[in-house]
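Visitor: Only the shape, not the letters, is given here:
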DNA sequence: CGTTCATATGAACATGTGTTCATGCGTTTG
DNA sequence: CAAACGCATGAACACATGTTCATATGAACG
């Protein structure tokens, strides 16, 4: 940003807009997490990276479905991947994700 | 709580059916959180309970929209409420929710 | 080479979802 | 009491979304 914070009369407004944008991103992240297939994929990736084919087999899904969902997870930075020959190895990208999962599980346990 | 025993909370799940069901509930909870309107409502409720009318006004939403969304949040045990005369006072129901929000915000900050 | 394997992607379809509108219901207030 | 208020809810509509199917790409391997 080019304006100095101290002299910008719209500083407060920009901060509010930044907050609204953060809320939008937060909702978007939860929206991505709010699908059983993606939750199962992420759970399978907790602690052990895996390729598309193995995920599809262990979760009983089509390769295509897994690939589609992994793209969505990738776009939300919830998983990262590296190429290994003709395989694409996926893994959890973020420590916060595990925490979110743990807290979420504790929440549903309390139901 | 059964998940409080230390290193790996996921292994605390004993039966596979229970685990699958927990994943379903987890995805359902995230699905509910994955909507901007509901995120804004929850943020407004963090730290201060509020009634439908005030939420609608401060968030620039219709009473009906707020009420519909609050019902969804209620069904997921994300908010609780008490009747106060003709008002319905809503508040965050679960301390895990605040943690989930905090971790989620840190995640989106890292984008 | 050509074939096979792993992955990606677009289109299409069916299903799910959030909002608005209209209305109902209980409680407070004049 | 009657009117106003706060809230809830069903129907309907517009829109988003996940899966499947077909196909494309690109790397290993005979």
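Guide: Now that the structure is in, tell me what you want to look at. What you are looking at is a predicted structure, and each value in this text was computed from that prediction instead of being measured.
Visitor: Identify the residues contacting the residue nearest the centre of chain A.
Guide: Residue closest to the average C-alpha location in chain A (C-alpha atoms, centre = their mean): residue A:78, at 2.7 Å. Residues in contact with residue A:78, defined by C-beta atoms under 8 Å, 6 or more residues apart in numbering or on different chains, are A:29, A:32, A:33, A:42, A:92, A:93, A:94, A:97. In this view, the C-beta of every residue, glycine as well, is placed from N, C-alpha and C.
Visitor: The residues you listed in helices, which ones?
Guide: Among the contacts of residue A:78, the ones falling in helices (DSSP state H) are A:29, A:32, A:33, A:42, A:97.
Visitor: quick one on the thing from earlier: only the buried subset of the contacts of residue A:78, as a ChimeraX command please.
Guide: The ChimeraX selection below is limited to those of the contacts of residue A:78 classed as buried (16 or more other C-beta atoms under 10 Å in any protein chain shown):
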select /A:29,32,33,42,92,93,94,97
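Visitor: Can you tell me which of the contacts of residue A:78 lies closest to DNA strand D?
Guide: Closest approach between the contacts of residue A:78 and DNA strand D, by C-beta to the nearest atom of the strand: residue A:32, at 7.2 Å.
Visitor: Report the spatially closest residue to the closest one, excluding sequence-adjacent ones.
Guide: residue A:76 (4.5 Å; C-beta to C-beta, 6 or more residues apart in numbering or on different chains).
Visitor: where does chain A dip in pLDDT?
Guide: A:1-10, A:12-13, A:111 (pLDDT under 70).
Visitor: can you pull out the strands in it?
Guide: Assigned by DSSP state E, chain A shows strands spanning A:50-51, A:79-84, A:87-92.
Visitor: Please produce CSV containing those strands, extended by distance to DNA strand D.
Guide: Listed next are the strands of chain A as CSV, based on distance: least, C-beta to the nearest atom of the strand, whole Å:
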stretch, distance to DNA strand D
strand A:50-51, 12
strand A:79-84, 7
strand A:87-92, 8
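Visitor: Including distance to chain B, could the ones you listed go into a markdown table?
Guide: Converted to a markdown table, these look like this (distance: least, C-beta to the nearest C-beta, whole Å):
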| stretch | distance to chain B |
| --- | --- |
| strand A:50-51 | 16 |
| strand A:79-84 | 12 |
| strand A:87-92 | 12 |
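Visitor: Need those strands in TSV (columns: distance to residue A:25).
Guide: Shown next, in TSV, are the strands of chain A (distance: least, C-beta to C-beta, whole Å):
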stretch	distance to residue A:25
strand A:50-51	27
strand A:79-84	17
strand A:87-92	19
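Visitor: Residue B:68 is nearest to which of these?
Guide: strand A:79-84 (33.0 Å; C-beta to C-beta).
Visitor: Point out the residues in chain A that sit beside chain B.
Guide: A:22-36, A:38-40, A:43, A:46, A:77, A:94, A:96-97, A:99-111 (C-beta under 8 Å from any C-beta of the partner chain).
Visitor: So in terms of bridging, what pairs with the closest residue to residue A:45 other than its chain neighbours?
Guide: Excluding its sequence neighbours, the residue lying closest to residue A:45 (C-beta to C-beta, 6+ apart) is residue A:92, at 5.2 Å. Beta-bridge partners recorded for residue A:92 (DSSP bridges): residue A:79.
Visitor: Thanks a lot, catch you later.
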